[in-house]
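J.: quick one, structure for this:
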Amino acid sequence: MISFHSEVPFEIPDTDATVLWLSSIISQENYNEGEVSIVFCDDEFLHKLNVEFLNHDTLTDVISFDYSIGKEIHETRGIEILSSGFERIPQVTKPLDEAQVADVEKLLEKLEEDDDVQFVYHTMQE
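T.: Numbering: from 1, shown residues only. Model (predicted):
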């Protein structure tokens, strides 16, 4: 069973589709799905977990606890992390008119084309 928890205002747009997608990845990697919990939180909450459980006084994007046994993934038994990602989700967005959206999109495209720019974030309401 895959469950989502949030320590910040956040909702997954299509929870059922996301669960199916995660389940398919677990299956493709030849694991059996047990109990998996995913928590959405802010930097402060994540830092507190790093200090409390891993003795790391640093900020990280992702934290995981591996309690897996064999090929079964469980919240209480852990998960083998094959890869991970990080996405910043704005808690406050800014509504824009069509002209402003066009200007921001042009700027975002130019920034994304720059080889020195690795990530581009915005708070534009979509």
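J.: quick check: Phe10 vs Phe4, distance?
T.: The spacing between Phe10 and Phe4, counted by C-beta to C-beta, to the nearest Å, is 9 Å. Quick note: C-beta positions are derived from backbone N, CA and C, even for glycine.
J.: secondary structure element for Val104, which one?
T.: helix 98-113 (DSSP states H and E).
J.: starting at the chain centroid, how far to that helix?
T.: Relative to its chain's centre, helix 98-113 lies at 24 Å (C-alpha atoms, centre = their mean, to the nearest Å).
J.: what of stretch 5-22?
T.: The answer for stretch 5-22 is 10 Å, by C-alpha atoms, centre = their mean.
J.: same question for stretch 41-48.
T.: Centroid displacement of stretch 41-48 relative to its chain, using C-alpha atoms, centre = their mean, is 13 Å.
J.: run through who's touching it.
T.: By C-beta atoms under 8 Å, 6 or more residues apart in numbering, the surrounding residues in contact with stretch 41-48 are 6-8, 57-60, 63.
J.: keeping just the C-alphas, turn it into CSV.
T.: Output in CSV follows, covering the C-alpha atoms of stretch 41-48 (Å, rounded to 0.1, in the frame of the first residue of the first chain):
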residue,chain,number,x,y,z
CYS,A,41,7.4,18.6,3.9
ASP,A,42,9.4,21.8,4.1
ASP,A,43,13.1,22.3,4.5
GLU,A,44,12.8,22.8,8.3
PHE,A,45,10.9,19.5,8.8
LEU,A,46,13.4,17.6,6.7
HIS,A,47,16.4,19.2,8.4
LYS,A,48,14.9,18.2,11.8
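J.: on that earlier part again, between Phe10 and Phe4, who's got more neighbours?
T.: Comparing Phe10 with Phe4 by other C-beta atoms under 10 Å, the one with more neighbours is Phe4, at 16 against 13.
J.: please consider this matter closed, and thank you.
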